[in-house]
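**Student:** Here is a sequence together with a model predicted from it:
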Amino acid sequence: MRDNAMPRRRFLTAAGALGLAGAAGVVATSTACATTSSAAPQPGPAPHHAAGLMTLIGSYTSASPAGRGLEVATRNDSGVLEPSGVVDGVPDASFFAWSPDHKYLYVTNEVVPNGTITAVDLSQHQPVVLGNQPSGGAGPTHISVHPSGEFIFTAHYTDGTVAVHRRNADGSIGERTDLVQHPGAQPHAHQVLVDPSKQWVVAVDLGADAVFVYAFDTATGKLTQHQHLELPTGTGPRHLAFNYERAYLLAELKSEITVLDWDLEAGQFTPGQVIGTREPDASGENFPAEIAVTRDAKFAYASNRGDNNIATFAITGEGLKFRGTAPTGDWPRHFALDPEQTSLYVANQRSGTITRLTRDSGSGALTPTEDVYECPSVAAITFHG
């Protein structure tokens with residue numbers, strides 16, 4: 001979801017479990033995509049990338065100022081992103097998922113009322129759009145691929161549905177096999193992903209204040225509800241990150257993370273520790289957006305929109321321990337660790353920038369750099385490496 005309308009957020013907070021929402025335009029300050037470290041040319045058609053780490057950037061084309069949809073950049077040896085081109089035909093690109101072999105990228109086109117998802121072939125390191133397909137709902141805001149590579153899952157924020165599509169052998173998107181409607185007065189499905197055991201599909205719903213666990217039939221592509229975990233009214237769960245037998249559930253409306261014990265065999269979550277995402281003296285409105293766990297499972301990071309920083313947590317046997325925050329741009333909607341996990345790149349929607357923070361692998365500490373890549377109405381970032 002575009003996550004840019006503060007009046008809507010205030011209303012959501014007051015409305016609590018009703019989860020009522022209104023639409024508003026994205027706010028950003030930049031009108032062109034380029035790095036501030038050099039006078040880069042305007043992006044043209046995406047070329048062949050012979051060197052450097054290919055970086056894919058999504059932004060809202062229907063926003064004001066308009067984003068570029070799906071954009072390609074290259075990370076140089078110094079960690080700086082340099083523009084390489086724009087891929088036509090991928091509107092309102094708001095989230096990404098990779099095929100298991102990392103050759104195909106799947107993109108949510110966050111359109112209302114008839115959302116779409118796009119398949120992009122990167123097997124030859126030259127982005128080729130294989131086509132768009134109806135996602136099955138309104139406002140698709142999250143996408144993931146089954147570890148088998150045979151199915152694609154899409155969460156729709158606007159109408160609170162979760163869709164399943166087959167994935168064709170050539171990487172294109174096949175038929176829709178299921179569409180599940182979440183219950184509640186105003187459900188807003190914000191994430192759908194497969195658990196580490198590959199047995200269960202988990203959907204996080206901000207409007208329903210709930211996490212849904214589904215059994216998944218890989219023969220039919222059908223979902224069957226298995227658990228409905230209810231959170232306190234007004235929590236607004238947005239995203240979770242798995243750490244094998246645990247998961248960390250980020251709450252957008254309460255600026256909290258709930259540590260969930262995860263029973264892989266039973267497919268059941270049990271809530272445990274609840275910890276805040278903000279500095280002790282933080283004030284004003286804040287709406288966390290993204291959460292991620294490092295590859296070594298020693299640290300977790302969460303973005304704070306409002307405070308405009310990234311919070312660092314040490315992962316302990318008991319849960320999470322808050323380690324502090326590092327500043328970033330305005331409205332950090334999404335972030336991604338690079339393949340080496342030495343830097344964290346933050347997509348700041350309102351400032352229309354991607355900022356880079358270096359990461360100390362021992363302490364987990366993040367340090368801001370001067371590297372800024374300008375991209376209006378930016379929504380998400382991922383790496384091809």
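**Tutor:** All right, it came through fine.

**Student:** Setting the sequence-adjacent residues aside, check what's closest to residue 300.
**Tutor:** The spatial neighbour of residue 300 that comes closest, neighbours along the chain excluded (CB to CB, 6 or more residues apart in numbering), is residue 313 at 4.4 Å. Where C-beta positions appear, they are placed from N, C-alpha and C, glycine not excepted.

**Student:** Can you name the helix or strand that the one you found falls in?
**Tutor:** Using DSSP states H and E, residue 313 falls within strand 309-315.

**Student:** Mind listing what's buried along that strand?
**Tutor:** Across strand 309-315, burial judged by 16 or more other CB atoms under 10 Å covers 309-313, 315.

**Student:** ok, of those, which one's closest to residue 95?
**Tutor:** Taking CB to CB as the measure, residue 95 sits nearest to residue 310 out of the buried residues of strand 309-315, at 18.5 Å.

**Student:** circling back: so what secondary structure elements neighbour the helix or strand that the strand holding residue 313 is followed by?
**Tutor:** Sequence order places strand 320-327 as the next helix or strand after strand 309-315, per DSSP H and E. In terms of contacts (3 or more CB pairs under 8 Å, 6 or more residues apart in numbering; DSSP states H and E), strand 320-327 is packed against strand 268-276, strand 299-305, strand 309-315, strand 366-374.

**Student:** and the helix or strand following strand 320-327, which strands flank it?
**Tutor:** As assigned by DSSP H and E, the chain's next helix or strand after strand 320-327 is strand 332-337. Strand pairing for strand 332-337, using DSSP bridges, gives strand 343-348 (antiparallel).

**Student:** between the strand it pairs with and strand 299-305, how many degrees?
**Tutor:** Between strand 343-348 and strand 299-305, the angle comes out at 20 degrees (axes from the mean of the first three to the mean of the last three CA atoms, to 10 degrees).

**Student:** what angle do the following helix or strand past strand 343-348 and strand 343-348 make?
**Tutor:** Next along the chain after strand 343-348, taking DSSP H and E as the criterion, comes strand 353-359. Orientation check (the same axes, to 10 degrees): strand 353-359 against strand 343-348 gives 150 degrees.

**Student:** Report the mean confidence score over strand 353-359.
**Tutor:** Taken as a whole, strand 353-359 carries a mean pLDDT of 98.

**Student:** can I get the CA coordinates of the strand holding residue 313 in CSV?
**Tutor:** The C-alpha coordinates for strand 309-315 follow below in CSV (Å, rounded to 0.1, in the frame of the first residue of the first chain):
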residue,chain,number,x,y,z
ASN,A,309,15.2,5.9,10.8
ILE,A,310,16.2,2.2,10.8
ALA,A,311,16.0,0.4,14.2
THR,A,312,18.6,-2.2,15.0
PHE,A,313,17.8,-5.2,17.2
ALA,A,314,20.1,-8.0,18.5
ILE,A,315,18.5,-11.4,18.3
